[in-house]
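Peer 1: just to be clear, the model below is a prediction. Sequence and coordinates:
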Amino acid sequence: YETFYRDFPEDLKRGILTTRVISGAIQSVDDKDYFVTYDQLYLLSIREVTDSVGYSTSDNLSNDNAAFYTRQLDYYKNNEVTHWQNHSVAIKNYQGEPTAWWLRSAPALSGVPPYHFQAISSVGERTNFGAGSAQGISPAFRIG
């Protein structure tokens with residue numbers, strides 16, 4: 001957070017809003033399968049990037065406990081990004097090369113180790129990596 005935030009121009013820092021962020025929990029906390037934080041910078045969830053329409057019950061999105069407490073962001077929705085189409089919109093580049101980037105969603109699928117987290121691959125598709133993998137990040141924030 002400090003690495004990115006300190007390099008932002010002062011007028012941008014003043015415009016960044018604190019955002020209510022809902023994330024899925026692998027285990028229930030206080031009888032909820034999600035938790036809420038209030039952040040200025042945060043990672044996107046799989047639901048905020050791709051749309052859930054047509055996903056099967058064995059899919060990572062439908063198994064993200066917080067998927068139905070948030071929505072697809074307008075940028076991705078307007079570009080019709082789904083699991084099956086328009087992946088290139090979700091590609092992020094680092095030093096001119098496509099790179100994978102972390103999401104805040106942890107898959108809740110059986111057979112996926114608990115230390116794996118969802119990401120967007122270098123070709124824009126949803127995937128997951130072990131927590132020890134070196135992937136990029138694409139911090140999100142709201143301006144008001």
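Peer 2: Good, I have the coordinates. Just so you know, these numbers come straight off a predicted model, no measurement behind them.
Peer 1: going forward, measure contacts between C-alpha atoms and count neighbours the same way
Peer 2: Fine.
Peer 1: can you give me the helices in the chain?
Peer 2: With DSSP state H as the criterion, the chain has helices at 2-7, 10-15, 46-49, 74-78.
Peer 1: wait, which of the ones you listed is closest to Val89?
Peer 2: Proximity of those to Val89 was assessed by C-alpha to C-alpha; the nearest stretch is helix 74-78, lying at 7.3 Å.
Peer 1: which elements pack onto the closest one?
Peer 2: Here helix 74-78 touches helix 46-49, going by 3 or more C-alpha pairs under 8 Å, 6 or more residues apart in numbering; DSSP states H and E.
Peer 1: and the helix it packs on, average pLDDT?
Peer 2: What helix 46-49 shows for mean pLDDT is 88.
Peer 1: give the buried residues for it.
Peer 2: Within helix 46-49, the residues scored as buried using 16 or more other C-alpha atoms under 10 Å are 46-49.
Peer 1: check contacts around His87.
Peer 2: Residues in contact with His87 (C-alpha atoms under 8 Å, 6 or more residues apart in numbering) are 81, 123-125.
Peer 1: run the last query once more with 6 Å
Peer 2: His87 makes contact with 124-125 under the criterion C-alpha atoms under 6 Å, 6 or more residues apart in numbering.
Peer 1: check what pLDDT it gets.
Peer 2: Per-residue pLDDT puts His87 at 87.
Peer 1: distance of it relative to Gln135?
Peer 2: Using C-alpha to C-alpha, to the nearest Å, His87 is found at 18 Å from Gln135.
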